[in-house]
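# curious how this folds, go ahead:
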Amino acid sequence: PVSGGCAVRAHVNRAIMAVFFRWAGSLAGLSMFGAFLIMLSYLTTPRLRRHPQNLVFWLSFSDFCFAIKWVITALYPGSKELEDNEVACRLQAFFGQFFQLASVAWYGVIAANLIINLRRPFTNTAAYN
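Below you'll find the predicted structure:
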């Protein structure tokens, strides 16, 4: 009875994780769509291509690339082929961590830019590029 209970629990846990990854992937898809719209508007509207909108563009790019990790995970949950492919697994892990850190770093840059502009409103922070 103990091993049967563990098997049922493992099956339930896998089912819950599959639902979680589907939700995470769906939300990541929405995030990718929003980031894509921001990047598209930046690239197609010349007057947006200036400071501080360039910071928001790079934040959106980082968010878009980070969301790819969750979309891949949602499309292939528990895929044995992907788990066994060590190169693909390591690449996804590396780029997921890189773009997650890049996204947080861009938030930090935007916050620093905002603090500088609030403390010294006549400072040209565009010159810091």
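
# low-confidence regions, the chain specifically.
Applying pLDDT under 70 to the chain flags residues 1-12, 77-83, 129.

# run the last query once more with 80
1-22, 24-25, 73-85, 89, 125-129 (pLDDT under 80).

# quick one, helices of it?
Ranges of helices in the chain, per DSSP state H, are 2-44, 53-75, 80-84, 86-119.

# dump those helices into CSV; add mean neighbour count and distance to residue 127 as well.
(Glycine included, C-beta is placed from N, CA and C.) Shown next, in CSV, are the helices of the chain (neighbours: other Cβ atoms under 10 Å; distance: least, Cβ to Cβ, whole Å):
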stretch, mean neighbour count, distance to residue 127
helix 2-44, 13, 21
helix 53-75, 19, 13
helix 80-84, 10, 46
helix 86-119, 13, 11
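
# adding distance to residue 128, write those out as a markdown table.
Shown next, in a markdown table, are those (distance: least, Cβ to Cβ, whole Å):
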| stretch | distance to residue 128 |
| --- | --- |
| helix 2-44 | 19 |
| helix 53-75 | 11 |
| helix 80-84 | 42 |
| helix 86-119 | 8 |
